[in-house]
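S.K.: pasting the structure only:
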Ligand SMILES: [Fe+2]
């Protein structure tokens, strides 16, 4: 059984279409979108409508999807000027979406488990198996022991997540952890959009691979720069460089 996974689209349509063109060539049995469809980009409604039309596609929710759905700006005080900017963007993102799109996002699950054969599990979540990504995550800098702490007893043979915007495949003991992110903008220094392919080969054997897609970013970077988003130049910079806009605010 073959899975194609991508995440952290962040309201960016052309990067999404570039990744989907590559995913379509994979002929996977199941496509999985691993959260953060919206925020950090100009076109949240168009991305939600796009994903809803995909066939054989499961979708789980990401932390920034829930910021918009749950109106985080009404329940949390911003902890920094960076967060104040994000809260304002969440509010304005919501104003650009329909009730129907918000309702669909609200019903998405936190995680999904696939079991192609009894006893052989593939677990998919956005941040960690136990937290969506606001408080904890699985960044590449963690040691194996720190990763085990974050997994906190999750027993799946293989797991996939998004959120940290730097794709990788990592073995921790007997378990494999795949970061599938990101479509919209990367923070690992490579501006190309990413996705991952996970395949169950039988008898407990899995294969996992991350892939990057060529993307001419300049047009979309200037589109973000000149969009409704306040400080759209920060988003544009991330699209162009594949790095976070301000190292002192790097989320993870
Ligand atoms: Fe996220």
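M.R.: Sure, I can see it. Please read these numbers as outputs of a predicted model, since none were measured by experiment.

S.K.: Every contact and neighbour count from this point should use C-alpha atoms.
M.R.: OK.

S.K.: ok, now which ones touch the closest residue to residue 168 other than its chain neighbours?
M.R.: Closest residue in space to residue 168, ignoring its immediate chain neighbours: residue 179 at 5.1 Å, by Cα to Cα, 6 or more residues apart in numbering. Going by Cα atoms under 8 Å, 6 or more residues apart in numbering, residue 179 touches 160-162, 164, 166-169, 196.

S.K.: Please report the distance of residue 179 from residue 52.
M.R.: The gap separating residue 179 from residue 52 is 23 Å, by Cα to Cα, to the nearest Å.

S.K.: Next: residue 231.
M.R.: Distance from residue 231 to residue 52, counting by Cα to Cα: 29 Å.

S.K.: cool, residue 2 as well?
M.R.: Taken as Cα to Cα, the span from residue 2 to residue 52 is 21 Å.

S.K.: got it, and residue 186?
M.R.: In terms of Cα to Cα, residue 186 sits 24 Å off from residue 52.

S.K.: so where do the helices sit in the protein?
M.R.: 13-26, 44-52, 63-69, 72-75, 81-95, 99-106, 144-151, 218-225, 232-241 (DSSP state H).

S.K.: For the third one, list every residue counted as buried.
M.R.: The reference is to helix 63-69. Neighbour-count burial for helix 63-69 flags 63-69 (criterion: 16 or more other Cα atoms under 10 Å).

S.K.: Check the longest one too.
M.R.: For helix 81-95, a neighbour-count test (16+ other Cα under 10 Å) marks 86-94 as buried.

S.K.: Equivalent analysis for the first one, please.
M.R.: When neighbours are counted by 16+ other Cα under 10 Å, the buried residues of helix 13-26 are found to be 13-16, 18-20, 22-23.

S.K.: Name the nearest residue to residue 156, ignoring sequence neighbours.
M.R.: Distance criterion Cα to Cα, 6+ apart; nearest residue to residue 156, sequence neighbours excluded, is residue 121 at 4.8 Å.

S.K.: Repeat that for residue 7.
M.R.: Of all residues not flanking residue 7 in the chain, residue 34 sits nearest, at 4.6 Å (Cα to Cα, 6+ apart).

S.K.: That neighbour and residue 57, how far apart?
M.R.: With the distance defined as Cα to Cα, residue 34 ends up 11 Å from residue 57.

S.K.: Please apply the same query to residue 186.
M.R.: Applying Cα to Cα, the value for residue 186 to residue 57 is 23 Å.

S.K.: the more surrounded of those two?
M.R.: In this view residue 186 and residue 57 are compared by other Cα atoms under 10 Å, and residue 186 has more residues nearby, 25 against 16.

S.K.: contacting residues for the closest residue to the more buried one other than its chain neighbours?
M.R.: Distance criterion Cα to Cα, 6+ apart; nearest residue to residue 186, sequence neighbours excluded, is residue 242 at 4.5 Å. For residue 242, the contact set (Cα under 8 Å, 6+ apart) comprises 185-192.
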